[in-house]
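[1] What follows is a predicted structure for the sequence shown.
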Amino acid sequence: MRVSLVGGGTDFSYFYKKYGGLTISFTINKYMYVILNKHYDKNYCFLKYSKTEKVKNLKDIEHPLIRNAIKKMNIWGMDINSVSDVPSGTGLGSSSAFTVSLLNGLYFYKNNRSLIKSKLAEMACKVEIDLSKSPIGKQDQYSTCYGGVNIIKFNPNESVNVSRILSKSIIKFIEENTLILDTGIVSDNKKILTYQKKNIKSDNKYLNILKEIKYNVLNFEKSLYNRDIKSCGQILTHNWFLKKKLTENVNYKIFNEIYEDAMQLGASGGKVLGAGNRGFFLILCSNNKRKKILDHFRKLHELKFKIDTRGSDIIKYI
């Protein structure tokens, strides 16, 4: 699963094709597992996720990501089962983690070797954005493919550059100064993302907001390398406030309350993870403020994590 920090929204094609996109994010040790096996009856596919499907024809598969992944890989007669450490609809990029995992597994099953990360991410974007028509950007697919802390540049010519931050001290700095709280809100982000897309296409003021969001990535990167938690928090908050302007019809009351309480307790900044009105809330705070903030939010579940640098992987092959 990925945690987005700054730059989300600039990874959408309607922005990066004109101006180029830039994001910074990291992946954590919470996973989407996809278990693949050959189905005993090669005429069927047996699919188990939040629902169960047994289908004889590709067009009958209800789950669009599974349908289009199978179509893309030109494979059939599979038993596919998915399990996740966190629920979907909580802002941690679970749909892209699922798509990447499924494609990685199907490719390995078919070819007995792994697909290189850049090609896997590109294929996941094709399946999720182009074929399944999900109103999302490219950040999540690349983040979950590569793993770790990444600055990802989306170029107008559709090429993507991933700059990995491998410094152990920066990874430790993020882990020690980041809290992730579960608000308990689960929702589909498609309506919010579709609304954002409509706004940006129709009004230049929203494009200017995204330009500022892109610029914030460079400032955040500099503050991160300086281990400046105060500056990182200010930039993170500014980025979130800008993102809220892209979806002015969303009710952020509970998230605003969490943010305000956290700031009064000494936090440096915060933001809701994902597109908007759902899921986990991220708080940046110095390590000595951590316990005080957690005590205040004791009714909210803390998502404890470590940064995982492996990215999508085949963990067992029989």
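    Ah, there it is. All figures in this text were calculated on a predicted structure; none of them were measured in a lab.

[2] going forward, measure contacts and count neighbours with C-alpha atoms only.
    OK.

[3] what ranges of the stretch 201-318 of the chain fall below the confidence cut-off?
    Where the stretch 201-318 of the chain drops to pLDDT under 70, the residues are 201-203, 248-251, 275-278, 318.

[4] Can you list the residue ranges for strands in this structure?
    When secondary structure is read from DSSP state E, the chain shows strands at 2-6, 21-27, 32-38, 45-48, 52-55, 78-84, 149-154, 160-165, 178-182, 269-272, 280-284, 301-302.

[5] what packs against the fourth one?
    With contacts defined as 3 or more Cα pairs under 8 Å, 6 or more residues apart in numbering; DSSP states H and E, the packing partners of strand 45-48 are strand 52-55, strand 78-84.

[6] for the third one, same thing?
    Using 3+ Cα pairs under 8 Å, 6+ apart as the contact test, the elements touching strand 32-38 are strand 78-84, helix 94-111.

[7] which one's the longest helix in the protein?
    The longest helix of the chain (DSSP state H) is helix 204-225.

[8] for it, which positions count as buried?
    If you call a residue buried by 16 or more other Cα atoms under 10 Å, then helix 204-225 has these buried ones: 206-207, 209-218, 220-221, 223-224.

[9] which other residues reach that helix?
    Applying Cα atoms under 8 Å, 6 or more residues apart in numbering, the contact partners of helix 204-225 are 6-10, 15, 21-24, 170, 199-200, 229, 231-232, 235-236, 239, 242-243, 245-246.

[10] nearest residue to residue 128 other than its sequence neighbours?
    Excluding the flanking residues, the one nearest residue 128 by Cα to Cα, 6 or more residues apart in numbering is residue 134, at 5.9 Å.

[11] Could you check how far the one you found is from residue 105?
    In this structure, residue 134 and residue 105 are separated by 21 Å, where distance is defined by Cα to Cα, to the nearest Å.

[12] likewise residue 120?
    Here residue 120 is placed at a distance of 11 Å from residue 105 (Cα to Cα).

[13] More neighbours: these two, which one.
    residue 105 (27 against 23; other Cα atoms under 10 Å).

[14] My read is that that one contacts residue 34, right?
    Yes - contact between residue 105 and residue 34 holds when scored by Cα atoms under 8 Å: they sit 7.3 Å apart.

[15] Residue 35 - how many residues pack around it?
    For residue 35, the neighbour count with other Cα under 10 Å is 16.

[16] Let me see the contact set for the nearest residue in space to it that is not next to it in sequence.
    Counting by Cα to Cα, 6+ apart, residue 35 lies nearest to residue 81, which is 5.1 Å off, once chain neighbours are set aside. For residue 81, the residues meeting the contact criterion (Cα under 8 Å, 6+ apart) are 34-36, 47-49.

[17] Kindly report the same for residue 24.
    The contact partners of residue 24, by Cα under 8 Å, 6+ apart, come to 4-7, 149-152, 217, 221.

[18] now it: how far from residue 3?
    Distance of residue 24 to residue 3, computed by Cα to Cα: 9 Å.

[19] Show the contacting residues for the most centrally placed residue in the chain.
    Nearest to the mean C-alpha position of the chain, by Cα atoms, centre = their mean, lies residue 93 at 3.1 Å. By Cα under 8 Å, 6+ apart, the residues touching residue 93 are 1-3, 140, 274.
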